[in-house]
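S.K.: How does the following fold in three dimensions:
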Amino acid sequence: MTNLALIVGASGIVGSATASLLVEEGWQVAGLARQPAAQPGVTPIAANLQDPASLAAALADVQPAYLFITTWSRQATEAENIRVNAAMVRNLFDALRPMGSLRHAALVTGLKHYLGPFEAYGKGTLPQTPFREDQGRLDVENFYYAQEDELFAAAERDGFTWSVHRPHTIIGKAVGNAMNMGTTLAVYATICRETGRPFYFPGSAVQWQGLTDMTDARLLARHLLWAATTPAAANEAFNVVNGDVFRWQWMWSRIADWFGIKAEPFDGVVRPLEAQMIDDAGVWRGIVERYGLIEPDLARLASPWHTDADLGRPIEVVTDMSKSRRLGFTAYQPTDDAFFALFEQLRVDRLIP
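M.R.: Below is the predicted model:
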């Protein structure tokens, strides 16, 4: 397979969107995950990135020309995030090295490059917004930096090009994902509608009033494909967002309207989703039974902690994409339409009523 693309984390939000796009474009695609989901046109590879021996065995006969790393493993501390996630990237390149087939490797990270890791998220001295790729790294330990360093070292040693992609909060479909604002908000809105609870914005006044942006997983997939096949984009790091900006006070009403509920005006009180939804597992099971849905485990659909982290930030966050635009990437995606497309898909797949 001379033009094989290997997607690592193929069952996640970004990986599944990338796999769908590449298959649609006629690529040969293999998808690696611990428990690969069935995806049309994708050859599944079951492997654990934290187990070098089994990873090497799983990839022994795989010769990808293109590699897309779209996964990470959440740990209890940033020190553990660094140790585990750097090792995962290192193990992957070690396993692929004997074949010598790689021409390009892409790594998906995110805006924590500028905002800091979870333990210091949005705190301390941060670069000015809009965030730009030339602002560099914060003076703080960050597993994104450790992942990048493994990528850079492998590329220099093994002679392939690389790209780093830094999306803002990603809108897309996946089940069992650790960071999934779109599905989390869909589940929260559904619970509010079914129980009559108020649809409160869970974040900060800054996020309610300030400008922000987001990233549709489908647009990110197009950006990954563009960078992998555009010579001028080789060996560069890029921000990736939809291209529009909005305020949550507008978007919250748009989401509420889609679900046929009222958006409560923000009154200055922060009401984190993690607290609001702490006892909702049973409520969700009842909704699933009532409507014949397919996923009764609330924890596999909603990630309130991550949504709270994004919507609770104390600074306005907007992202500059001039670097990609100058090099020819012009794709655009209205963010409200991205939410609505996701909600429609969740309904079609019987994940929400």
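
S.K.: Just the residues contacting stretch 16-27, thanks.
M.R.: 3-5, 7, 10, 29, 31, 37, 39-42, 68, 70, 172-174, 217-218, 220-222, 224-225 (Cβ atoms under 8 Å, 6 or more residues apart in numbering). Every residue, glycine included, has its C-beta placed from N, CA and C.

S.K.: Give me the buried subset of the residues you listed.
M.R.: 4-5, 7, 10, 29, 31, 37, 39, 42, 68, 70, 172-174, 217-218, 220-222, 224-225 (16 or more other Cβ atoms under 10 Å).

S.K.: Can you flag which of the contacts of stretch 16-27 belong to helices?
M.R.: Secondary structure from DSSP state H places 217-218, 220-222, 224-225 of the contacts of stretch 16-27 in helices.

S.K.: CSV please, covering the residues you listed and showing pLDDT.
M.R.: Converted to CSV, the ones in helices among the contacts of stretch 16-27 look like this (pLDDT from 0 to 100):
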residue, pLDDT
Ala217, 97
Arg218, 97
Leu220, 98
Ala221, 98
Arg222, 98
Leu224, 98
Leu225, 98
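
S.K.: and these as CSV, adding distance to Arg254?
M.R.: Output for the ones in helices among the contacts of stretch 16-27, formatted as CSV (distance: Cβ to Cβ, whole Å):
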residue, distance to Arg254
Ala217, 19
Arg218, 19
Leu220, 21
Ala221, 24
Arg222, 24
Leu224, 28
Leu225, 29
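
S.K.: Show the average pLDDT along stretch 295-311.
M.R.: The average of the pLDDT scores along stretch 295-311 is 94.

S.K.: cool, and stretch 239-255?
M.R.: Per-residue scores along stretch 239-255 average to 98.

S.K.: Buried ones in that stretch, by neighbour count?
M.R.: Buried-residue list, stretch 239-255, by 16+ other Cβ under 10 Å: 239-243, 245-246, 248-249, 251-252, 254-255.

S.K.: which other residues reach the longest helix along the chain?
M.R.: Counting residues, the longest helix in the chain under DSSP H turns out to be helix 78-96. Outside helix 78-96, the residues that touch it by Cβ under 8 Å, 6+ apart are 6, 8, 49-52, 55-56, 58-59, 62, 64, 67, 69, 71-75, 102, 105, 107, 117-120, 141-143, 146-147, 149-151, 154, 158.

S.K.: give me the element Gly286 is part of.
M.R.: Using DSSP states H and E, Gly286 sits in helix 281-291.

S.K.: Check which helices and strands that helix sits against.
M.R.: Here helix 281-291 touches helix 181-195, going by 3 or more Cβ pairs under 8 Å, 6 or more residues apart in numbering; DSSP states H and E.

S.K.: Kindly export the helix it packs on (C-alpha atoms) in PDB.
M.R.: Output of helix 181-195 as PDB, limited to C-alpha atoms (Å, rounded to 0.1, in the frame of the first residue of the first chain):
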ATOM      1  CA  MET A 181     -18.600  19.600  24.100                       C
ATOM      2  CA  GLY A 182     -21.100  19.200  21.300                       C
ATOM      3  CA  THR A 183     -22.500  15.900  22.500                       C
ATOM      4  CA  THR A 184     -22.300  17.100  26.100                       C
ATOM      5  CA  LEU A 185     -24.400  20.100  25.400                       C
ATOM      6  CA  ALA A 186     -26.900  18.000  23.300                       C
ATOM      7  CA  VAL A 187     -27.300  15.600  26.300                       C
ATOM      8  CA  TYR A 188     -27.600  18.500  28.700                       C
ATOM      9  CA  ALA A 189     -30.200  20.300  26.600                       C
ATOM     10  CA  THR A 190     -32.200  17.000  26.200                       C
ATOM     11  CA  ILE A 191     -32.200  16.500  30.000                       C
ATOM     12  CA  CYS A 192     -33.400  20.100  30.500                       C
ATOM     13  CA  ARG A 193     -36.200  19.600  28.000                       C
ATOM     14  CA  GLU A 194     -37.300  16.300  29.400                       C
ATOM     15  CA  THR A 195     -37.200  17.300  33.000                       C
END
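
S.K.: what separates that helix from the chain centre, distance-wise?
M.R.: Relative to its chain's centre, helix 181-195 lies at 19 Å (Cα atoms, centre = their mean, to the nearest Å).

S.K.: Quick one: mean pLDDT for the helix or strand just after it?
M.R.: As assigned by DSSP H and E, the chain's next helix or strand after helix 181-195 is helix 205-209. For helix 205-209, mean pLDDT is 96.

S.K.: ok so, going back, drop anything exposed from the contacts of helix 78-96.
M.R.: 6, 8, 49, 52, 55-56, 58-59, 62, 64, 67, 69, 71-73, 102, 105, 107, 117-118, 120, 141-143, 146-147, 150-151, 154.

S.K.: Lovely, talk soon.
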